[in-house]
Structure formats: C-alpha cells, structure tokens
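Participant: Need a 3D model of the sequence below.
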Amino acid sequence: MTSPAIPDPHRLSAATLAALPPEVEVPGYDRAATRVGIVHFGAGSFHRAHQAAYVDALLASDPNWAICAVSLHSTGVRDALRPQDGLYTLALLDAQPRLRVIGAIAEVLCARDQGAAVMARLADPQVRLVTLTITEKGYCLSADGVDAAHPDIVRDLATPDVPVSAIGWLAEGLRLRRARGVAPFTVLSCDNLADNGGRLRSAVLDYTRRLDPALADWIAREVSFPRSMVDSITPATDDALRARVATALGVADAWPVQREPYTQWVVEDDFRHGRPALEQVGVVMSGDIAGYDRAKLRLLNAPHSALAYLGALLELETVAEAMRHPVLAGFVEQLMRRDIVPSLVLPDRFDPDAYVDAILQRFGNPAIRHLLLQIAWDGSQKLPVRLLDTIAEALAAGRSIERLCLPLAGWMHFVRRQARRGVALVDPLGDELAAIGRAATGDAAHDVPAFLRLPAVLAPLAADARFVDAMQQSYAALGDASPAAVSNALAAADPR
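Facilitator: Prediction:
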C-alpha cells in the first residue's frame, strides 16, 4: 500500500503508532510481515468494527490473512485511511470505554478508479477469501437469482470485464482464476440477509449463466458460498467520536469507528481451499446458521420491539433508560426466559441462558444511545417475523401467550397514541395505521379487530379465537396506556 512520502506527525499512522499512550491497544504483530489473503467489498464502519477486528486478532498467530478493503464507488474510506497506512481506531463503548487500533487492513482501494488493482487482487492465488458487507440492495437480487433489470447488472452483462456491481466483480474475478488455473476463492457474505450465502450463490450463478454457462458450471462445482450471521451495534462515526479519539491518542484519526463490546460472528464451515482459523479468535463455526438467525430474531429483536413500544408508552427515550425501569426490565427478562426460550430449537452447544444474559447486558449499556422511537419504526413489518411464530408455537404447545401478546398490544396503543398526537408513523402501512389509530376508542372489543383486519400484519393468527381473546385481554390490561397503567400491566404479567 502506498504511504505518504512524509508521515504526518499529527496523524495516526505506522510512524506514530509507537508513541500512542499505553492504555491504547495496538496491533500485536509485525504488520510488514503480513500478506493479503482476504478481499473485502464494502469497507464501511460495520466491517471495520466487526470482521476486521476479528482478523486483527488472528494476524498475531497467522500473518496470511490481511485484508484488502475495497469500496465499490466511494473514495471516502480510501482517502481517509491511506495517509494512516490503513490504521484506524476502534472505540469499544461501555461504562469504561476502550480504544484499540486495528491494523488488519493492509490495502484500501476504490473499484471505481482502481479497477485493475482490484482485479489483480481477486486473481491473486494468495487471496483465498472474499467477504462482503454491501447491504441487501448491493447484491442486486431478485426472488431467485440476480435482478437482470438492475442498471448495474445490465451494464455488467454488456461489459463484464469492467464490472461495477459486486456480482460482476465476483464473476469476473472467478473467471480470471479459472482461465489461469488458479483455485477459486471462497465467497462469504457478512450482511444480515436470510440465507445470505445461498442467495449470493444463486445470484452469481444466474449472472454467469447469462454470460458463460461453462463458467457457471465451474462455479457451481468449485466455489463455496458459506452462510453467516453477524451481530454488534455499531453507531455511525461522528465529529464527537473523532474529537474523543484525537484527545485520547494525541494524534488525529480521520475515520475511527465505534461499537458495543459485544460482538458475534457465526460462519458456516464450508471452505474449499483453506480458511483462516477464525474459531481461534471467537468466531463460531456452525452448520446451523438458520438456528443462530432464529435465536437472534426471537431473543434479541423481539425483546427490542417490546422495549420500544412499551417503553415509549412509559415515556422513556432509549433502550438503556428502559432497562433502568425495573418493571419493564423484569417483564422483558421473563418474556425471554419463560416464553421465547422454550419455543426455540437451538443449535448444538448454544447456551440460551448465557445468550439472554449477554442481551440484557447489551440492552443496559449506558454508552449506547439507541432510541426507542427508532426501533419502533416499521412495526407492521417487524412484529410478524419477530413474534408471531413464537406465539403460534406456544399455542400449539398449550403454553400461555399472555406476555407474548403484551408487546403487540403495546404496538396497537402506540399507534393510537401517535395518531391522537398527530405524529406521523414511520411505517410502510403508516396511512392505514394512522386511520385505525384515529378511529380507535380505547375499547379492546372495538380496536383490536381493526388491527387484526390488516392482512399483512397479524393475519396468520387473526382467525384463531385463542389469539384474538388474548390480544383483547392484553390491550385491555394496558388501560389508557398511561405510564401508570402500563407499569401496572407489566407488573401483573410478571408474578415473581
């Protein structure tokens, strides 16, 4: 990687690394001895706070997996990190925050104006893994393959040797390796997308079949696309973080990143031509990614929604503040341990009690300012996938659904309250929900059926009399949805 001819003594770089304060963690290995073994597309904050931190820990024992970080279009990360020799600061947010300088990124490129260099890395036999964090829209997916009408895919199909899409880069890189007799790299999606590896594989195969069926057949036989699951709250970088980091380091860092201390990375162990020993640095290698996804959805996301709606009715502002409300915090813990855990088919060696403990600690982290109203966005889309399966399974098993229905009732009261206050709902069904909210009277027999008639939300259970009855009881239990009424309902649902 090209470094500045004259290092800036006021900027984080290899030249200033040794002078950092002793409380700042620095790479515990010789960066000059590392070799690029990973190409990563999407060099944003999440990758640099998450996967790159794991690789940074691994490089101390295996120098063959340094990262070439590639931005598809933006030059921002490259221009920020190049003068810093790829170094940047990771701030771990907790009651006692910690700073750690990450050295895993050995090269930073922008595909838009460094295409030859990116392609050279993709064709390099030393590179055996390509990872991606490009968000769902970056994959240009259709229901069963690639979106052939997407402008980037249209362009790449016309000129595949100068790609602009991530799918195009992967396909052209694999084509070059096949032509040169080089073993293919493994392709690992690290975006929170259901069946991410399977959907990426389908997209690449669909794309290459349109260009070269023989290449598609080779990819189908030779290339692995492991599934994965990632988790860590990573707030955006802002000037306040830059100022804190500069004060602590004594030098400027153009693009530090921050996250909570908790981090999880689960990867399907399907690598054909060697892989980094990720399990040595805390990555879980598992054949049941869907099980981990399900546990996260039900034990993290569902309680998040419960905190959002019930906490908002209690006039609380953040997740951490909600966890300081003893009645709400107690309710959410019982919801997780007594109602959600029993519904789960868990992966091997998965400890649900430890997982619940970790989530509760994360929720209570005072250094993470996660707004309840932000979590409350898009409730009509989130609540069905976060809660309805658990409720359906509890009904089938003959278990109580009282606590499980209270977050849904809280959402209904939240919609009613926002509508009465004239506050717009951030939701794809915002207009329909607002109309229901304005017409709501506070009477469960009137209001709950109106919500149940929304076909895209609670329809799977709307015809089940047991569910309808439980929802009406939960809605009525919240009374006028005042803080006192909500607190009383939550206390009654937690009989400890």
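
Participant: Run the chain-centre distance for stretch 181-189.
Facilitator: 24 Å (Cα atoms, centre = their mean, to the nearest Å).

Participant: tell me which residues in it are buried?
Facilitator: 184-189 (16 or more other Cβ atoms under 10 Å). Where C-beta positions appear, they are placed from N, C-alpha and C, glycine not excepted.

Participant: Now flag whichever of those residues is closest to L87.
Facilitator: L188 (24.1 Å; Cβ to Cβ).

Participant: List the contacts of the closest one.
Facilitator: 129-132, 197, 225-226, 228, 267 (Cβ atoms under 8 Å, 6 or more residues apart in numbering).

Participant: re earlier: would CSV of the buried residues of stretch 181-189 with distance to A419, pLDDT and secondary structure be doable?
Facilitator: Output for those, formatted as CSV (distance: Cβ to Cβ, whole Å; pLDDT from 0 to 100; DSSP: H, G, I helix; E, B strand; the rest coil):
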residue, distance to A419, pLDDT, secondary structure
P184, 55, 98, coil
F185, 52, 98, coil
T186, 50, 98, strand
V187, 46, 98, strand
L188, 44, 98, strand
S189, 39, 98, strand
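
Participant: could you pull out the helices for the stretch 51-200 of the chain?
Facilitator: 51-58, 76-81, 115-123, 151-158, 166-180, 196-211 (DSSP state H, counting those that start in this stretch).

Participant: any chance of those in JSON lines, plus mean neighbour count and mean pLDDT?
Facilitator: Shown next, in JSON lines, are the helices of the stretch 51-200 of the chain (neighbours: other Cβ atoms under 10 Å; pLDDT from 0 to 100):
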{"stretch": "helix 51-58", "mean neighbour count": "23", "mean pLDDT": "98"}
{"stretch": "helix 76-81", "mean neighbour count": "19", "mean pLDDT": "97"}
{"stretch": "helix 115-123", "mean neighbour count": "18", "mean pLDDT": "98"}
{"stretch": "helix 151-158", "mean neighbour count": "16", "mean pLDDT": "98"}
{"stretch": "helix 166-180", "mean neighbour count": "21", "mean pLDDT": "98"}
{"stretch": "helix 196-211", "mean neighbour count": "22", "mean pLDDT": "98"}
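
Participant: could I get the ones you listed as JSON lines with distance to V284?
Facilitator: Shown next, in JSON lines, are these (distance: least, Cβ to Cβ, whole Å):
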{"stretch": "helix 51-58", "distance to V284": "11"}
{"stretch": "helix 76-81", "distance to V284": "28"}
{"stretch": "helix 115-123", "distance to V284": "28"}
{"stretch": "helix 151-158", "distance to V284": "33"}
{"stretch": "helix 166-180", "distance to V284": "25"}
{"stretch": "helix 196-211", "distance to V284": "15"}
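
Participant: of those helices, which approaches F451 most closely?
Facilitator: Here helix 196-211 is closest among those (Cβ to Cβ), at 32.1 Å.

Participant: Beyond that closest one, next helix or strand please.
Facilitator: For helix 196-211, the following helix or strand on the C-terminal side (DSSP states H and E) is helix 213-222.

Participant: Neighbouring strands of the helix or strand following that next one in the sheet, and parallel or not?
Facilitator: Remark: after helix 213-222, the chain's next helix or strand is strand 228-231, criterion DSSP H and E. Next to strand 228-231 in the sheet, as set by DSSP bridges, lie strand 264-267 (antiparallel).

Participant: contact partners of the partner strand?
Facilitator: In contact with strand 264-267 (Cβ under 8 Å, 6+ apart) are residues 50-51, 54, 188, 190, 226-232, 278, 282-286, 289, 292.

Participant: State the mean pLDDT of it.
Facilitator: In this model, strand 264-267 has an average pLDDT of 98.

Participant: of the contacts of L188, closest to I153?
Facilitator: L132 (15.9 Å).

Participant: Report the buried members of the contacts of strand 264-267.
Facilitator: 50-51, 54, 188, 190, 226-232, 278, 283-286, 289, 292.

Participant: still on that earlier bit, can you add distance to A43 and give the contacts of L188 back as CSV?
Facilitator: Shown next, in CSV, are these (distance: Cβ to Cβ, whole Å):
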residue, distance to A43
L129, 15
V130, 13
T131, 11
L132, 11
G197, 20
F225, 21
P226, 21
S228, 18
V267, 20
